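Novice: starting from these lines, generate the structure:
(chains A and B)
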Amino acid sequence: MQSGHESNDLKRALVAVVDDDESVRESLPDLLNELGFRTSAFASAEEFLASGSLEQTQCLILDFAMPGMTGLDLQRQLNDRDRKIPIIFITAQKDQEVRDQAFEQGAVSFLFKPFSDTALLEALNKAVRG
Amino acid sequence: MKAPYPESETVRARPAREKSTQVFLQTSSGAGQLTNILEFLCRAMEDESADGVVACIHTLNEDGTMFRDTVAPSLDNSYRESTNGVLVSSMTGPCCHAVATRRTAVVPDLAADPKWAKFREFADPLGIRSAWSTPIFSNEGKVLGTFAHYYFEARDPSPRDERMVQLLSRAAAVAIERGRAEAALRELNETLEQRVQDETRERLQIWNVSQDLLLITDLDGKYLSVNPAWTAILGWSEEDLLGESYQWLLHPDDRERTRTELGRIANGQKTLRYENRIRTKDGTYHWISWNAAPDRGRIYSMGRDITEHKQAEDKLRHVIDTIPTLAWCNLPDGTNEFLNKNWHEYTGLSPEVSHGWGWQAAFHPEDLPPLMEKWKGMLISGEPGELEARLRRDDGVYRWFLIRAEPFRDDSGQIVRWYGTSTDIDDRKCAEEQLQRSEAFLAEGQRLSLTGSFSWKMATGEITWSEQLYRVYEFEVGVRVTLELIRTRVHPEDLTLLEKMIEQAHSAINDFEWHYRLLMPDNSIKYLHAVAHARRDQDGQLEYIATVQDVTQRRSSEEALAKARLELARVSRVMSMATLTASIAHEVNQPLSGIVTNASTCLRMLSSDPPNVEGARETARRTIRDGNRASDVITRLRTLFNKKDAVFEALDLNEAAREVIALCLSEIQRNRVVLRTELAANLPSVSGDRVQLQQVILNLLRNGAEAMYRVDDRPRELLVSTRLFSSDSVCLSVKDAGVGFEREALDKLFESFYTTKADGMGIGLSISRSIIEGHHGRLWAAQNNGPGAMFCFSIPCASEGSMSNNNKAPVLGAA
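Specialist: Modelled structure (predicted):
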């Protein structure tokens, strides 16, 4: 499923949200828009890979635990394809082990749900402008 | 003539020799004969003489110093009387001179010489004018007397008269000497006769007064004489017996033996000693011990009545033969004198065989040399002693005997007999061997299993340890065991436990077991497990028999195992908790995440210029939706946990508690916790799910016990009690002496995950509370006055109606 929001400013970065939870896919793009990003949302890693928007995506907000391909799997795939998109992991499980693994694989940030808008903005700044 | 001496034989005193001679001369026919002869000689002189001569003979006493008897047939009696008793030394008349000079004294004229003045005093009245005196000599030349002749005129003797005197004086000498010899012989005879009479009387006296039977028989045994003792002892008089045969009074059983004894005399035996039974006049028999000696066709016997002695002996013999032991008596040289009937019956050896050293044949050849060595040593030392040896039974079987010997000494301390007994100890000996063997097995078993044992007599406090127990406690084997000694080894922290155990052992007759520790001198610790069994000993006194196992090694491995298990449990608990937490967090955090994001967006939309009210409304709407979603998650979780149904029934809370205690007692005791119960009697049944309630009780017990694991300065005591709480509810409480809790923590105690223990899991109490509340009851905690805490729950009693339904109550899963 795709619900893209085009911004007036073409220079604005495209942030892709991949999460199996609908409420996240509903709420997070709105907030990103409010923060001045362009967004596109996907319900699974497989859907994101198949969307063709891989090339334009400048930042990936990725749920960690999803049915099918997990966030870590997707990160590994992108690494394998040498497509380095800055990744911000979001998860409802406070699992230190996967967090360490994610950073090892090059993650920019790791946010535990629920997170504040400031924490998100900080992570985005680090990913897009840092 | 003087009067003769009285002739009484009984009173006559023994006369002096000279007097006896006089008596003889005066009284006996012999004495008369001598006088007659001497008178005849005098008359012969007077008749033959033509010159008117008067003759007389004077005899001297034995020693020749005095004139005794005068024979003067022609002179007046006065002459005889006046001359008797005249001493030779007086030299009164011519006779004195004749004796003194041993020569004939011649006085032709008495008046011519004044020296005869004295003599003339009695010569003149008789008309005597001249005197001649010739000594009478014995064959040995001794002067026996004088032959005197007087003239009534002064003149010399005629030669004829001189010849006559010579002749007649010799005849007188012969007569006097014969008379003297006769007198001496007669006297000797008299003396002998007297002596015989005296001695006969003395012997008769002894014969009469003897208390022993005196008997004279001929060689055929015919009674010749018996003494009065026969009457006193046997009732027989001499008249009854004289002429009868000795055999007549003998006991029929003794006749043959007595005949044999008497027969030895024919073989030349000089003395006999034998015993037999003699019939009394009233028909009973007396035992008599005889000493007999033959002499010239007679047998002289002395018998002593030994009936009483014999009866006592028989009684004693009966006792000795009846006592259920082998008894014997040996002489001081070690040879046998007597063996009782039991000995002969046991060994089958006759007295003839066993006599002397013959008894050795009854002993086992292997045992004899050491036995003889010991026996001879005892004979030398004179000390009583005992030894063990095998005696052969008459069927050839050897059995072990304990032989005891005791010396018997006379008044001077000399050993006269050895008395002894031999007691059959074969069964005991076998049992002893068996016991020794099984003791050896036991000791080895105890050593291998590290298990000691002891007995403890409560009445005396006497404690007996097995060797292994000494090794466990590391005390020298044989040291007297007291509670004091034990206290020095028991770990100081377990002393209160020990005192409680002692108190318990004293107060109730119960089997019990307990775990405790020893603190050894090298500061190492031993873990012991004791199991005691109460019993009554032979005297009915309370005694504990117990085993004590050193479980240090097992304990170490158990501890290691428990530690590993605990670690595993903790890990798995953490794991499952993590899973649960993750699951709950995931479920709840998803909607929360949406809520937070939407709220953030909403705020931003409202604060933008101009505010995006429509967008804000939309995000607010989504926020509410996500909030409801979160609530749904919680409900779903709860539903998940509420899947189990409880089964209610009427149950006895005491019984339920006892079952739980039985399950976990050993675990609790292993942690050196003393568990006491005070379960109220007649407690009404409660309504509930047995398994769930028991989970609660178990949970409370474990919590209580665990709260005391670090308590070492006071007894770890856990008290479980039940009571009626109100008219329709029952209460169970578990009181510990553990670490307790802060007042501030009271509210949090029943929250999930709250715990005062570093490694504990608080979920137990919250679940317990859920269960109790599911039973319409209450669970609460309270602080003790002293250390520790108390957890109680109360639940309603079962009522008639409620039991018929299977009430279903929600429960939050198992711990």
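Novice: what about the strands in chain A?
Specialist: A:14-18, A:38-42, A:57-63, A:87-91, A:109-112 (DSSP state E).
Novice: dump those to JSON lines, plus mean pLDDT, distance to residue A:71 and mean neighbour count.
Specialist: Any C-beta I mention is one placed from the backbone N, CA and C, and that applies to glycine too. JSON lines is the format used below for the strands of chain A (pLDDT from 0 to 100; distance: least, C-beta to C-beta, whole Å; neighbours: other C-beta atoms under 10 Å in any protein chain shown):
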{"stretch": "strand A:14-18", "mean pLDDT": "93", "distance to residue A:71": "8", "mean neighbour count": "25"}
{"stretch": "strand A:38-42", "mean pLDDT": "93", "distance to residue A:71": "12", "mean neighbour count": "23"}
{"stretch": "strand A:57-63", "mean pLDDT": "92", "distance to residue A:71": "4", "mean neighbour count": "24"}
{"stretch": "strand A:87-91", "mean pLDDT": "91", "distance to residue A:71": "6", "mean neighbour count": "25"}
{"stretch": "strand A:109-112", "mean pLDDT": "90", "distance to residue A:71": "10", "mean neighbour count": "19"}
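Novice: buried set for the helix or strand of chain A with the lowest mean pLDDT?
Specialist: None of the helices or strands of chain A scores lower by mean pLDDT, DSSP states H and E than helix A:96-104, at a mean of 85. For helix A:96-104, burial by neighbour count (16 or more other C-beta atoms under 10 Å in any protein chain shown) applies to A:98-99, A:102.
Novice: can you tell me which of those is nearest chain B?
Specialist: residue A:98 (11.1 Å; C-beta to the nearest C-beta).
Novice: quick check: residues of chain A near chain B?
Specialist: Chain A has residues A:21, A:23-24, A:26-28, A:30-31, A:34-35, A:65, A:90, A:92-95, A:112-117 near chain B, with proximity defined as C-beta under 8 Å from any C-beta of the partner chain.
Novice: please identify the helix or strand for the residue in the stretch 151-300 of chain B positioned nearest to chain A.
Specialist: Proximity of the stretch 151-300 of chain B to chain A (C-beta to the nearest C-beta) peaks at residue B:287, 121.4 Å away. Assigned by DSSP states H and E, residue B:287 belongs to strand B:285-295.
Novice: if we can go back for a sec, residues in contact with the least confident helix or strand of chain A?
Specialist: By C-beta atoms under 8 Å, 6 or more residues apart in numbering or on different chains, the residues outside helix A:96-104 that reach it are A:64, A:71-72, A:75, A:87, A:89, A:91, A:110.
Novice: render the CA-only coordinates of that helix in CSV, please.
Specialist: C-alpha atoms of helix A:96-104 as CSV (Å, rounded to 0.1, in the frame of the first residue of the first chain):
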residue,chain,number,x,y,z
GLN,A,96,19.4,-4.5,23.4
GLU,A,97,20.8,-7.3,21.3
VAL,A,98,19.0,-6.5,18.1
ARG,A,99,19.8,-2.8,18.7
ASP,A,100,23.5,-3.6,18.8
GLN,A,101,23.2,-5.7,15.7
ALA,A,102,21.4,-2.9,13.9
PHE,A,103,24.1,-0.4,14.7
GLU,A,104,26.7,-2.9,13.6
